[in-house]
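Chemist: Any chance you could fold what I've pasted below:
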Amino acid sequence: MFQKIVVALDGSNASKRALYEALNVAELAQARLHAVYVVHPWCMSPYAGYFDPERLREVLREDGRLALDAARQAMAERGVPGDTEIEETDGAADDIAHCLARCVKREGAGLVVMGTQGRHGIGRWVLGSVAEAFARRADVPVLLVRSSDATNAISSGR
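Modeler: Next comes the predicted model:
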């Protein structure tokens, strides 16, 4: 079975559900969990004249710290061994899916768990495409977890 599982977090409801599922699989497989939050401050580059990129990086890193603190607490409560890290894309030409793929390879993970719906607005658009882009190129199995909002919309026919 899986010895190491990477779970990609972004602070959204979908990633919180992904963490829950990753914890379940890790418990069953007696696997180690590696939670990662990828900072991509370049996603707003067309708007560079309208914001401070360093301030954006700080805000994204703080969001990452909060998401990873919650992941560490959940791992401790469930008795699942693991660690966390904040990764950052290598520049405007890099993207979250490629950065995540490098992390998965470096960690030697046998499974990746991630949410299929991110935040609202631009963040939602970027993160939705991340799941698809990553799943298309992944060398390991990928478990995609829908947010409860997406699940409710499907069951109600929206």
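
Chemist: Which parts of this structure are strands?
Modeler: 4-9, 32-39, 82-88, 111-115, 142-145 (DSSP state E).

Chemist: In TSV: the ones you listed, plus mean neighbour count.
Modeler: The C-beta positions use only the backbone N, C-alpha and C, and glycine is treated the same way. Formatted as TSV, the strands of the chain follow (neighbours: other C-beta atoms under 10 Å):
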stretch	mean neighbour count
strand 4-9	27
strand 32-39	24
strand 82-88	18
strand 111-115	27
strand 142-145	18
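
Chemist: Reformat the ones you listed as JSON lines; add distance to A70 and mean pLDDT.
Modeler: Output for the strands of the chain, formatted as JSON lines (distance: least, C-beta to C-beta, whole Å; pLDDT from 0 to 100):
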{"stretch": "strand 4-9", "distance to A70": "8", "mean pLDDT": "98"}
{"stretch": "strand 32-39", "distance to A70": "9", "mean pLDDT": "97"}
{"stretch": "strand 82-88", "distance to A70": "10", "mean pLDDT": "97"}
{"stretch": "strand 111-115", "distance to A70": "14", "mean pLDDT": "97"}
{"stretch": "strand 142-145", "distance to A70": "16", "mean pLDDT": "95"}
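
Chemist: Any chance of a markdown table for these, columns distance to R136?
Modeler: Listed next are these as a markdown table, based on distance: least, C-beta to C-beta, whole Å:
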| stretch | distance to R136 |
| --- | --- |
| strand 4-9 | 15 |
| strand 32-39 | 17 |
| strand 82-88 | 20 |
| strand 111-115 | 13 |
| strand 142-145 | 10 |
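
Chemist: Alright, I will stop here.
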